[in-house]
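Colleague: give me the fold of what follows.
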Amino acid sequence: MIDLEKIDKTFKDYVNKFDLNNVTIKRKYNHTLRVKDNCKYIANALNFSLEDTNLLILIGYLHDIGRFKQIEIYNSTKDGIVNHADLGVEILFKDNLIRNFIEDNKYDDVIYKAIKYHNKLNLNYELTPKEELFCKAIKDADKLDLLYIAAYYDNIKDFYRLPYVEGTKLNPKVKEDFDSHRLVDLRNRKTAIDKLASILAFIYDLNINESKLLISEKLINDIINTFIITYNVKDTSECLYLKDNIVKYLNNT
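Modeller: Down below sits the predicted model:
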């Protein structure tokens, strides 16, 4: 049995061990709560059984469990230092934290793989049909919130904090990824506009059609307008280029 009340309390008790005055930890905590809500939406849209709905919500709670130790130990969310998804499954399954959330181990394979692979570039792994569906669902739930943050996050300048020049032209390699409807290779980001392209490209990586239904033109406009205001962008031609291509893509899917 998957007890969501117990899971919610266990998750909050775990996070309360960390410094919630740390804005990054607090942000990841709030992100997790929104992602688990996105999981519920996706599960309902796909007509999941109650058991599978609760399983996906559990995965939503746990998908970023590694973030808190990552931030505490390394004061960073850069996965090049330590991958938060790999750290998460280590904490859950090596340290056996998972049994605090759910006693039954029959869901362990789905939970493990969904969390471990939720931030990986692709799903080229050996997965059962159910494991693949849950991996796709949590990836979508996560990216939907990243798009929300890009548009509406209160401390947006912190979200858009970049080690890039404030150029308004796309790096050709970033443009190639974007035009090919794939995730942007983050190593190729050079300018601020490259960051915007990499965020909007999350839409290309949504796996489930019901997830795409949550992407409105208003949301796209709000992401772009927030970016323009944050960087005081004067030449918006590249922003409009990105928007036009995303809208065309959504209209054709």
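Colleague: check what contacts stretch 109-124 and list those residues.
Modeller: With contact meaning Cβ atoms under 8 Å, 6 or more residues apart in numbering, stretch 109-124 is reached by 55, 58-59, 62-63, 65, 79, 83-86, 88-89, 92-93, 98, 125, 127, 130-132, 134-139, 142, 183. C-betas here are computed from N, CA, C, even on glycine.
Colleague: so among those residues, which ones count as buried?
Modeller: Among the contacts of stretch 109-124, those classed as buried by 16 or more other Cβ atoms under 10 Å are 55, 58-59, 62-63, 65, 83-85, 88-89, 92-93, 98, 127, 131-132, 134-139, 142, 183.
Colleague: burial measure for Lys6, as a count.
Modeller: By other Cβ atoms under 10 Å, the residues close to Lys6 number 14.
Colleague: just the CA atoms of stretch 4-24, as PDB, please.
Modeller: Provided in PDB are the C-alpha atoms of stretch 4-24 (Å, rounded to 0.1, in the frame of the first residue of the first chain):
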ATOM      1  CA  LEU A   4       0.500   9.400   0.600                       C
ATOM      2  CA  GLU A   5       0.000  11.100   4.000                       C
ATOM      3  CA  LYS A   6       2.900   9.100   5.400                       C
ATOM      4  CA  ILE A   7       5.000   9.900   2.300                       C
ATOM      5  CA  ASP A   8       4.300  13.600   2.600                       C
ATOM      6  CA  LYS A   9       5.200  13.600   6.300                       C
ATOM      7  CA  THR A  10       8.400  11.500   5.800                       C
ATOM      8  CA  PHE A  11       9.500  13.800   3.000                       C
ATOM      9  CA  LYS A  12       9.000  17.000   5.000                       C
ATOM     10  CA  ASP A  13      10.700  15.400   8.000                       C
ATOM     11  CA  TYR A  14      13.700  14.600   5.800                       C
ATOM     12  CA  VAL A  15      13.900  18.000   4.300                       C
ATOM     13  CA  ASN A  16      13.600  19.700   7.700                       C
ATOM     14  CA  LYS A  17      17.000  18.200   8.600                       C
ATOM     15  CA  PHE A  18      18.500  20.600   6.100                       C
ATOM     16  CA  ASP A  19      18.800  24.400   6.300                       C
ATOM     17  CA  LEU A  20      15.600  25.700   4.900                       C
ATOM     18  CA  ASN A  21      17.000  29.300   5.200                       C
ATOM     19  CA  ASN A  22      19.200  28.300   2.300                       C
ATOM     20  CA  VAL A  23      17.300  29.700  -0.600                       C
ATOM     21  CA  THR A  24      18.500  26.900  -3.000                       C
END
